[in-house]
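J.: Here is the input, now give the coordinates:
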Amino acid sequence: MSTKSELAGRPGNVGNSDRGSAPLEFMMVGLPLLGIALVCTQLILASYCHNIALDAAVEGATAAAVANGGSSAGEAAALNAVVSQLPNASPSVILVRKSGGLATWQASVTLQTQVLLFGMVAITQTAEVVDENQ
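T.: Below is the predicted model:
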């Protein structure tokens with residue numbers, strides 16, 4: 001009768017069929033899952049940046065539309081809203097008085113920030129809001 005160590009060297013042995021499959025399984029399953037997770041994280045961060053830009057546009061348009069507001073108060077409010085949530089962002093705020101009344105303002109906030117994925121990819125989000133004080 002053959003011992004187990006003698007059978008280990010023979011081709012076609014059941015004990016040797018799994019040898020070397022771990023790196024292959026990692027390449028076929030692990031790396032695509034890691035890529036999917038990184039893409040989902042990138043999309044979540046982009047959505048978060050868009051929400052911050054939208055919130056800043058709302059704050060800026062609202063501050064400009066209130067009585068005695070004006071463009072300087074709206075720009076300051078929009079920049080404050082961005083910097084309080086993303087200190088390393090570089091926002092640009094444009095406030096324009098729209099036709100339709102003295103207190104109708106459109107705020108356009110463009111927000112550019114660096115994300116620590118895929119080699120420091122820059123995400124740029126733009127949000128525009130029209131607010132009217134009636």
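J.: Could you give the number of residues near P23?
T.: Residues contacting P23 under the criterion other CB atoms under 10 Å number 9. Where C-beta positions appear, they are placed from N, C-alpha and C, glycine not excepted.
J.: That one belongs to a strand, doesn't it?
T.: No - looking at P23 with DSSP: H, G, I helix; E, B strand; the rest coil, it is helix, so not inside a strand.
J.: Please report the distance of it from V29.
T.: 11 Å (CB to CB, to the nearest Å).
J.: got it, and P87?
T.: P87 is 38 Å from V29, by CB to CB.
J.: Please apply the same query to V130.
T.: Using CB to CB, we find V130 at a distance of 49 Å from V29.
J.: can you check L43 too?
T.: On the measure of CB to CB, L43 and V29 end up 22 Å apart.
J.: Go through this structure and flag its longest helix.
T.: Using DSSP state H, we find that the single longest helix of the chain is helix 31-65.
J.: Can you list the buried residues in that one?
T.: The neighbour-count check on helix 31-65 (16 or more other CB atoms under 10 Å) flags 45-46, 48-50, 52-65 as buried.
J.: Could you pull up the mean pLDDT of that helix?
T.: The average pLDDT for helix 31-65 rounds to 84.
J.: Only alpha carbons, please: show stretch 19-28 as PDB.
T.: Provided in PDB are the C-alpha atoms of stretch 19-28 (Å, rounded to 0.1, in the frame of the first residue of the first chain):
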ATOM      1  CA  ARG A  19      -1.700  24.300  -5.600                       C
ATOM      2  CA  GLY A  20      -1.000  27.900  -6.800                       C
ATOM      3  CA  SER A  21      -4.700  28.900  -7.100                       C
ATOM      4  CA  ALA A  22      -4.600  31.600  -4.400                       C
ATOM      5  CA  PRO A  23      -2.700  34.200  -6.500                       C
ATOM      6  CA  LEU A  24      -4.900  33.400  -9.500                       C
ATOM      7  CA  GLU A  25      -8.100  33.800  -7.500                       C
ATOM      8  CA  PHE A  26      -6.800  37.100  -6.100                       C
ATOM      9  CA  MET A  27      -6.100  38.400  -9.600                       C
ATOM     10  CA  MET A  28      -9.400  37.300 -11.000                       C
END
